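*Asks:* here is a sequence with its predicted model. Questions after.
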Amino acid sequence: MSIPQTGGGPIESHDDLTAYLASGCKPRDQWRIGTEHEKFGYAEDTHAPLPYDGPRSIHAMLAGLRDRFGWSPVEENGHLIGLEKDGANVSLEPGGQLELSGAPLETIHQTCDEVNDHLSEVQAVADTIGARFIGLGAAPEWTHEDMPLMPKGRYKLMDDYMGRVGTMGRVMMRRTCTVQVNIDFGSEADMVKKLRVAMALQSVATALFANSPFFEGRPNGHKSWRARVWRDLDPDRTGIPAFVFEDGFGFERWTDYALDTPMYFVYRDGTYIDALGQSFRDFMRGELPALPGEKPTMADWADHLTTLFPEARIKKYMEMRGADGGPWRRLCALPAFWVGLLYDDASLDAAWELAKGWDQETRLALRVAASVDGLQAEAGGVRMHDLARELVAISEAGLKARARPGAGGLVPDETHFLNALKESVETGKAPADELLDDYHGPWAGDLSRIYAERSY
């Protein structure tokens, strides 16, 4: 989840809101890659999720990273809730999931080095307190009551609201993890094309990275239970908005979408003020019930944009939101997949060619099928395995065309980061399939084996 936004003066008009989004446009040589990933922490001996406080806890993890590796603390009401260093931050998801939000970097080589350094630091601190971390899309055994709610004001408000909309909001907050990548755009037209590709093909990322076939101790009938959770969370702010594919879509239409989405909060002087269900349009008029007479700043708008949760979303950049958290080596595969598709013009055109003829019914059906069947999904005459094979090949071509070397020039490009996905395409198996094979095979239904065999 995002941290509070800062900076920006008062909003003078509706046009300022659209201009904020448009200000994210950058020339190609300034396009960057930001990788985010979440993971579950647990006690190594008992497999219980880590509480916030105590000698073996989330607080102990944050304090250890701060003290041993030079991270600066982020606090809220006296609670250590995050860390910052070199343009990156470590933050807490509502159930204590530890998240790295990486710095904007030029190459997959750099973002993967950042991931590797972070996980090595996490391992070092976890070893000292008897904790471990595991990359999965959903908690395999833990119940809602097992998961503590982290001491962040935003989460207290969201927890209440999620109990009143949809049926899966609190599950999402406490018991799911994702890996995401943030992508830049060069113009409004470039944003539109990239967002349409991202929305239409996010189901392929869901299938390739499906890694949550267990929930509350047993198989759940889905390859990505995390994706299933997001399908029944809050219809006002999730899913695949059809208007993205309509003529005339651009920053203005996204602004209207955000304005029509009910608010969660307003952040003032370290406190989250309850604005649940209230209207940013009213806020613009100085008529917000939570802050009567007060008008929003641009930081309020930036905060509000972080409360929209479609399969891909735009702020001053674009976020890909469709993948389960997963094994260490796949954390670098996700940015490689999307950078290969979106940062090369020929690959972007090829990806759009595959999806441009689909109607909204097909896009939604693929989203559902991907969560249930992963790479074995079929919908609207589209076979997911075949589609994934084509897209991985297109992404590989895009990464070759980028030709960004690594390892001091010894590695000519970024294509090797796709190796895990190429294996999935060859075998037809995503991580969820491998987990189910182990569960029904050598584990003999003993799900506790997942901790020793899949943890970082």
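*Replies:* Yep, it's here.

*Asks:* put the alpha carbons of the helix or strand hosting residue 371 into CSV.
*Replies:* Using DSSP states H and E, residue 371 sits within helix 360-373. This file holds the C-alpha atoms of helix 360-373, laid out as CSV (Å, rounded to 0.1, in the frame of the first residue of the first chain):
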residue,chain,number,x,y,z
GLN,A,360,-15.1,-6.4,-22.8
GLU,A,361,-16.8,-9.8,-22.3
THR,A,362,-13.7,-11.6,-23.5
ARG,A,363,-11.3,-9.5,-21.4
LEU,A,364,-13.4,-10.2,-18.3
ALA,A,365,-13.8,-13.9,-19.0
LEU,A,366,-10.0,-14.2,-19.4
ARG,A,367,-9.5,-12.5,-16.1
VAL,A,368,-11.8,-15.0,-14.4
ALA,A,369,-10.4,-18.0,-16.2
ALA,A,370,-6.8,-17.0,-15.4
SER,A,371,-7.5,-17.0,-11.7
VAL,A,372,-9.2,-20.4,-11.8
ASP,A,373,-7.1,-22.3,-14.4
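
*Asks:* other SSEs contacting the next helix or strand after it?
*Replies:* From helix 360-373 onward toward the C-terminus, using DSSP H and E, the following helix or strand is strand 378-379. On a contact count with 3 or more Cβ pairs under 8 Å, 6 or more residues apart in numbering; DSSP states H and E, strand 378-379 meets helix 360-373. In short, each C-beta sits where N, CA and C put it, glycine included.

*Asks:* so what touches the helix it packs on?
*Replies:* The contact list for helix 360-373 (Cβ atoms under 8 Å, 6 or more residues apart in numbering) reads 199-200, 202-204, 206-207, 210, 221-225, 227-228, 231, 239-240, 242, 245, 311, 355, 358, 377-380, 382, 384.

*Asks:* helices of the stretch 251-400 of the chain, residue ranges please.
*Replies:* 251-260, 280-284, 298-305, 333-342, 345-355, 360-373, 384-402 (DSSP state H, counting those that start in this stretch).

*Asks:* centre of the chain to the longest one, how far?
*Replies:* Between the mean C-alpha point of helix 384-402 and the mean C-alpha point of its chain there is a distance of 21 Å (Cα atoms, centre = their mean, to the nearest Å).

*Asks:* tell me the residue furthest from the middle of this protein?
*Replies:* No residue in the chain sits farther from the centre than residue 293, which is 35.3 Å out by Cα atoms, centre = their mean.

*Asks:* spatially nearest residue to that one (excluding sequence neighbours)?
*Replies:* Using Cβ to Cβ, 6 or more residues apart in numbering and skipping residues adjacent in sequence, the residue nearest residue 293 is residue 286, 5.4 Å away.

*Asks:* dump the residue contacts of the one you found.
*Replies:* By Cβ under 8 Å, 6+ apart, the neighbours of residue 286 are 292-295.

*Asks:* quick one: it and residue 370, what's the gap?
*Replies:* In this view, residue 286 and residue 370 are 44 Å apart by Cβ to Cβ, to the nearest Å.

*Asks:* just to revisit the earlier point, what's the closest of the helices of the stretch 251-400 of the chain to residue 428?
*Replies:* helix 384-402 (5.7 Å; Cβ to Cβ).

*Asks:* buried set for whichever helix or strand comes after that closest one?
*Replies:* Going down the chain from helix 384-402, the next helix or strand is helix 419-427, by DSSP H and E. Going by neighbour count (16 or more other Cβ atoms under 10 Å), the buried part of helix 419-427 is 420-422, 424-425.

*Asks:* stretch 333-347 too?
*Replies:* 333-344, 347.

*Asks:* go on, stretch 174-189?
*Replies:* 174-185, 188.

*Asks:* flag the shaky bits of the chain, pLDDT-wise.
*Replies:* 1-8 (pLDDT under 70).

*Asks:* which of the residues in stretch 433-443 are buried?
*Replies:* The neighbour-count check on stretch 433-443 (16+ other Cβ under 10 Å) flags 433-436, 438-439, 443 as buried.

*Asks:* ignore what I typed, I meant stretch 120-127.
*Replies:* In stretch 120-127, counting by 16+ other Cβ under 10 Å, buried: 121-122, 125-126.

*Asks:* name the nearest of the buried residues of stretch 433-443 relative to residue 62.
*Replies:* Closest to residue 62, out of all of these and judged by Cβ to Cβ, is residue 435, at 29.2 Å.

*Asks:* is the closest one in a helix, a strand, or coil?
*Replies:* What DSSP: H, G, I helix; E, B strand; the rest coil gives for residue 435 is helix.

*Asks:* how about it: what's its closest non-neighbour residue?
*Replies:* Residue 435 sits nearest to residue 213 (Cβ to Cβ, 6+ apart), 5.6 Å away.

*Asks:* longest strand anywhere in the chain?
*Replies:* Counting by DSSP state E, the longest strand found in the chain is strand 33-43.

*Asks:* for the helix or strand following it, packing partners?
*Replies:* Per DSSP H and E, the first helix or strand lying C-terminal to strand 33-43 is helix 58-69. Under the contact criterion of 3+ Cβ pairs under 8 Å, 6+ apart, helix 58-69 touches strand 72-76, strand 79-85, strand 88-92, helix 108-129.
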